[in-house]
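Undergrad: Make a model of this:
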Amino acid sequence: MRSDLAKSLKLYGEMHRLIPALSSSYGARISEIKVNHRPRVSGLSKYGLTRTLRVVLDVITVKFFLSFSSRPIQLFGSFGLISVLGGVSILGVYGVRKIFFGMSLADRPVLLLAVLLIIGGLQFITFGLLAELQIRTYHESQDKPTYLIRTIYESLE
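TA: Residues are numbered from 1 along each chain as shown. This is a model prediction of the structure:
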């Protein structure tokens with residue numbers, strides 16, 4: 001890995017375990033080197049369940065940044081649209097039942113779920129739009145490219 005690339009990696013928490021995933025986002029090529037691991041001769045491992053939980057959360061964070069850091073609306077908007085469509089479909093079914101079959105809606109807690117799904121979905125979509133604005137502001141204010149170009153090939157004309 002180039003030294004300028006290594007210096008630009010920001011590692012927080014247990015992120016040092018995820019250097020290959022982070023550096024691949026910068027276009028680095030990853031390879032493995034076989035090492036000789038020696039067994040522990042004394043002491044106990046400090047790698048417990050709490051550290052495993054932190055690593056899992058860091059993996060989720062890295063996955064989010066690698067997949068959606070330049071387009072968060074696709075993640076939050078998907079959840080929002082699914083939620084809104086679920087709420088609207090529940091309201092549609094109960095609306096048809098009320099209009100055509102005269103069913104009482106007074107004792108139906110599912111209607112509250114439908115309204116909650118619609119409001120929550122709209123909040124997810126709004127959150128995605130705000131995250132999109134923040135990402136664009138971040139990239140433009142620091143003059144960061146959204147992608148890196150490794151090689152530019154010139155025309156032979």
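Undergrad: I'd like the average pLDDT over stretch 22-35.
TA: In this model, stretch 22-35 has a mean pLDDT of 80.
Undergrad: What are the buried residues along that stretch?
TA: L22, S23, A28 (16 or more other C-beta atoms under 10 Å). (Each C-beta comes from the backbone N, C-alpha and C, glycine too.)
Undergrad: which element is the last one on?
TA: Yep, that's A28 we're talking about. Assessed by DSSP states H and E, A28 sits outside every helix and strand.
Undergrad: Give me the phi and psi angles of it.
TA: Here is the backbone geometry of A28 (degrees, to the nearest 10): phi -70, psi 150.
Undergrad: any idea of the pLDDT on the spatially most central residue of the chain?
TA: Taking C-alpha atoms, centre = their mean, the centroid of the chain lies closest to F64, which sits 2.7 Å from it. Residue-level confidence at F64 comes out at 82, pLDDT.
Undergrad: least trustworthy helix or strand in this protein by mean pLDDT?
TA: helix 3-8 (a mean of 66; mean pLDDT, DSSP states H and E).
Undergrad: following that helix, which helix or strand shows up next?
TA: Using DSSP H and E, the helix or strand that directly follows helix 3-8 along the chain is helix 19-24.
Undergrad: Send over that next one as CSV, restricted to the C-alpha atoms.
TA: The C-alpha coordinates for helix 19-24 follow below in CSV (Å, rounded to 0.1, in the frame of the first residue of the first chain):
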residue,chain,number,x,y,z
ILE,A,19,-7.8,-2.1,7.1
PRO,A,20,-8.1,-4.3,4.0
ALA,A,21,-11.7,-3.4,3.4
LEU,A,22,-11.0,0.3,4.0
SER,A,23,-8.0,0.4,1.8
SER,A,24,-9.8,-1.4,-1.0
